[in-house]
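> I need the structure of the sequence given here:
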Amino acid sequence: MKGMVFTEFFEMVEDVFGDDVLDDIIDDAELPHDGVYTSVGIYPYSEMTSLASALAKRTGHELTALIETFGHHLFGRFTALYPGFFVGVESTYDFLAGIDNHIHVEVKKLYPDAQLPQFDIHRNDQQLELIYNSQRPFGYLAKGLIQGCIEHFKEPITIEKVDISDDMTSARFTLNKSA
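Numbering: from 1, shown residues only. All right, here's what the predicted structure looks like:
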């Protein structure tokens with residue numbers, strides 16, 4: 001997992017819960033390198049799981065809700081860090097439909113070693129269905145990213161998530177435009 005994801009997680013934790021909680025979860029997670037990440041480094045996803053679990057334990061919040069919240073935060077950061085990904089894109093459905101064929105292609109150019117999730121997409125005017133498949137159990141992170149996308153485009157869209165694997169590596173997201 002790219003170090004940028006870790007540094008953004010730390011930023012979110014610091015902003016929402018404060019410096020002390022960030023220091024505490026780094027200690028609680030017992031990371032092999034004391035929580036030092038570079039944005040361009042690559043780290044095991046299990047370290048993110050350890051950090052998020054430590055945050056859930058410290059704060060009393062549900063782990064899945066924290067990961068989802070982080071996904072929402074991360075989408076906002078993507079809009080600031082990679083504005084070119086949004087040029088000419090006018091809707092949530094257009095952006096999400098282009099993840100594999102546009103966004104992930106560009107990410108691979110920047111980070112050839114990135115292990116990205118894949119999305120099977122089915123779309124009509126009112127509904128978008130995304131089937132998420134990943135090597136990592138981050139379906140709730142994907143849900144948060146999708147929620148961030150909906151907020152970014154300011155569209156009245158509802159989202160339903162159904163896990164299609166026991167290990168949270170596959171999920172079906174159904175998005176419906178509201179009247």
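
> Okay, buried residues for the helix or strand of the chain with the lowest mean pLDDT please.
Scoring the helices and strands of the chain by mean pLDDT, DSSP states H and E places helix 104-110 at the bottom, with a mean of 82. Residues 104, 107 are the ones in helix 104-110 that count as buried (16 or more other CB atoms under 10 Å). For every residue, glycine as well, the C-beta is placed using N, CA and C.

> Can you name the next helix or strand after it?
As assigned by DSSP states H and E, the chain's next helix or strand after helix 104-110 is strand 118-123.

> Tell me the helix or strand right after that following strand.
Next along from strand 118-123, by DSSP H and E: strand 127-133.

> what does that next one rub up against?
92-93, 96-97, 117-123, 139, 142, 146, 164, 169-177 (CB atoms under 8 Å, 6 or more residues apart in numbering).

> Residue 89: neighbouring residues, count only.
18 (other CB atoms under 10 Å).

> likewise residue 177?
Neighbour tally, residue 177, other CB under 10 Å: 15.

> what's it in contact with, if anything?
Contacts here follow CB under 8 Å, 6+ apart; on that basis residue 177 touches 125-127, 155-157.
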